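**Q** Only the shape, not the letters, is given here:
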């Protein structure tokens, strides 16, 4: 089975769980991406947030 780490782009930016939706939206806008991984304090992938309007 392929893992998320094997398909993620090197240099991928994680949004931390403690950050707000505004923070995530701002980061997606700055990076011009439609989704970001959400990482916990352990810097491991916990969730993914997407901007469905970009689809």
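**A** Yep, it's here. All of these numbers come straight from a predicted model, not from anything done at the bench. Numbers count the residues shown, from 1 in each chain.

**Q** show me where pLDDT drops low in the chain?
**A** The model of the chain has pLDDT under 70 over residues 8-9, 53-55.

**Q** try 90 this time
**A** For the chain, the stretches flagged by pLDDT under 90 are 1-14, 31-35, 43, 51-55.

**Q** contacting residues around the helix ranked longest in it?
**A** Assignment by DSSP state H gives helix 21-31 as the longest helix of the chain. With contacts defined as C-beta atoms under 8 Å, 6 or more residues apart in numbering, helix 21-31 is touched by 13, 15, 34-36, 38, 49, 51. Where you see a C-beta, it was placed from the backbone N, CA and C, and this is true even at glycine.

**Q** chain center to it: distance?
**A** Chain-centre distance of helix 21-31: 10 Å, with C-alpha atoms, centre = their mean, to the nearest Å.

**Q** element containing residue 38, please.
**A** Per DSSP states H and E: residue 38 is located in strand 35-39.
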